[in-house]
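Novice: this one's structure only:
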Ligand SMILES: [Zn+2]
């Protein structure tokens with residue numbers, strides 16, 4: 001594949017960062033068994049998105065496992081196939097102005113996404129850790145995390161994700177039922193922080209509910 005001069009160093013740095021995130025998230029139990037996928041913008045116009053190749057162990061990624069795709073999910077750089085869930089990443093990049101998108105399959109997000117799917121989402125409020133979400137400055141914030149039914153039809157799921165984002169433009173993450181979390185940020189650091197904060201909140205909320213505390 002031809003390289004675009006000047007973008008190679010940036011591409012390599014982003015690929016290394018995505019590999020680091022894979023190792024960390026695997027160690028923390030958020031992306032077991034080749035689950036999850038990660039992306040980050042290399043450039044915005046035209047879009048070049050670095051994204052993990054499909055079906056790989058996220059705890060053992062190498063920079064060569066990171067592809068670059070365009071806005072139509074065509075591979076511009078690297079060998080392999082982008083994840084089946086790439087269309088969801090592209091919706092978030094376009095509609096939520098995401099510079100990075102991280103998708104995880106944790107135990108707590110899986111359990112909560114099933115428990116609250118009939119309500120269409122999960123409300124989390126009162127926790128100090130909510131302030132780790134961008135634009136949130138008080139524990140009195142009420143975070144609504146929309147939940148979509150899981151599907152292998154990613155075209156339909158992309159349309160649903162788009163309408164949920166239009167309805168809840170201030171949300172920081174979306175759950176897929178019995179599947180996992182999608183969150184994002186302006187850059188990889190912000191998206192990584194959102195995973196860490198939301199996973200903390202999911203575990204706190206799930207343990208509280210299991211203990212039947214008010
Ligand atoms: Zn997934």
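Specialist: Right, received. Where do you want to start? Note that the structure is predicted; figures quoted are calculated from it, not measured.
Novice: Now do the same contact list for residue 95.
Specialist: 162, 165, 166 (C-beta atoms under 8 Å, 6 or more residues apart in numbering). Heads up, the C-betas are built off the backbone N, CA and C, glycines and all.
Novice: and those residues, which of them are in helices?
Specialist: Judged by DSSP state H, those include 162, 165, 166 as members of helices.
Novice: List only those of those flagged as buried.
Specialist: Buried residues within these, counting neighbours by 16 or more other C-beta atoms under 10 Å: 162, 165.
Novice: Let's have the ones in helices among the contacts of residue 95 in TSV, adding pLDDT.
Specialist: Output for those, formatted as TSV (pLDDT from 0 to 100):
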residue	pLDDT
162	97
165	97
166	97
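Novice: closest to residue 202 among the ones in helices among the contacts of residue 95?
Specialist: residue 165 (19.8 Å; C-beta to C-beta).
Novice: Tell me how far the nearest residue to that closest one once chain neighbours are set aside lies from residue 139.
Specialist: The shortest distance from residue 165 to any residue other than its chain neighbours is 4.9 Å, reached at residue 95 (C-beta to C-beta, 6 or more residues apart in numbering). For residue 95, the distance to residue 139 equals 28 Å [C-beta to C-beta, to the nearest Å].
Novice: Same check on residue 50?
Specialist: Residue 50 sits 35 Å away from residue 139, taking C-beta to C-beta as the criterion.
Novice: Who has more neighbours out of these two?
Specialist: Relative neighbour count places residue 50 above the other of residue 50 and residue 139, with 27 against 12, counting by other C-beta atoms under 10 Å.
Novice: Can you name the residues that contact the more buried one?
Specialist: 11, 14, 15, 18, 39, 40, 41, 42, 66, 67, 68.
Novice: Which secondary structure state does the last one sit in?
Specialist: Under the three-state scheme (DSSP: H, G, I helix; E, B strand; the rest coil), the conformation of residue 68 reads as strand.
Novice: out of everything not next to it in sequence, what's closest to it?
Specialist: residue 77 (3.9 Å).
Novice: remind me which residues of the chain are low pLDDT?
Specialist: 1-7, 213-214 (pLDDT under 70).
Novice: picking that back up, out of the ones in helices among the contacts of residue 95, which one sits closest to residue 174?
Specialist: residue 165 (7.7 Å).
Novice: Helices of the chain, start to end?
Specialist: Going by DSSP H, the chain shows helices at 8-27, 86-95, 107-115, 154-167, 188-210.
Novice: Just want the angle from the third one to helix 188-210.
Specialist: Per axes from the mean of the first three to the mean of the last three C-alpha atoms, to 10 degrees, the angle that helix 107-115 makes with helix 188-210 is 60 degrees.
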